[in-house]
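Trainee: Here's my sequence, what's the structure:
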Amino acid sequence: MSGRFVLTWIVGLASLALAQQSAAPVSPSSMAPRPDTKPSKIPEAPMPDSVPVDPKLKDLFQSKIQSEWEAIKNKDKKAYAELLADDYQGVEVDGKGERTKTQMLNELAEENVFRYTLWGFRVIPIGTDAALVTYESTMQFPPNAQVRLARIYISELWVKRAGEWKELHSQETHVK
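Mentor: Numbers count the residues shown, from 1 in each chain. So this is what the prediction gives:
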């Protein structure tokens, strides 16, 4: 229970800090996802100059998140499990509540992501062993799916444990 409180506090604090800073205006067309292409690097959301982020750290998280989505798309349980912390908890847009690592891995077989595009990538360092990573995903589902496209905004908390970065928490929000 105290872990959730700390996580909520950290995310809230990071949100307040970002709300006080003004970002450069961006035209909607420049941020539009392209579901027919798979970028080699996730396009970044604008960040204020006062929040420096190590480029190597950005590249690391972009690579890990790209691997995460490939594992989901390919239903690769082993690759997905390697990215998640043992005490991982995630909330998806389906409204079914929080899931553990075991639950996420068990539900992987039911995923039907056909294609995806990731964009608006941001890294917010929280000390030396934690970072909040946010981005959007546009997912395309198979032709026979009832819903063909979905956009979600994702916040992920990554922590460094035993020298490796692991995803500790994720929260998805539907984008209309």
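Trainee: Quick one: distance of stretch 94-111 to the chain centre.
Mentor: Offset of stretch 94-111 from its chain centre (Cα atoms, centre = their mean, to the nearest Å): 15 Å.
Trainee: repeat for stretch 101-115
Mentor: Using Cα atoms, centre = their mean, the offset of stretch 101-115 from its chain centre is 15 Å.
Trainee: Provide the backbone phi and psi angles at the residue located most distally from the centre of the chain.
Mentor: Relative to the centre of the chain, the most outlying C-alpha is that of residue 144, 26.5 Å out, by Cα atoms, centre = their mean. Residue 144 adopts backbone torsions of phi -90, psi 0, taken as degrees, to the nearest 10.
Trainee: Relative to residue 71, how far out is it?
Mentor: Plainly put, residue 144 is 23 Å away from residue 71 if you go by Cβ to Cβ, to the nearest Å. Where C-beta positions appear, they are placed from N, C-alpha and C, glycine not excepted.
Trainee: for residue 101, same thing?
Mentor: To residue 71, residue 101 is 13 Å away according to Cβ to Cβ.
Trainee: All the helices of this protein, in order from the start?
Mentor: Secondary structure of the chain by DSSP state H: the helices cover 2-20, 28-31, 55-74, 77-83, 101-107.
Trainee: Thank you kindly, that will do.
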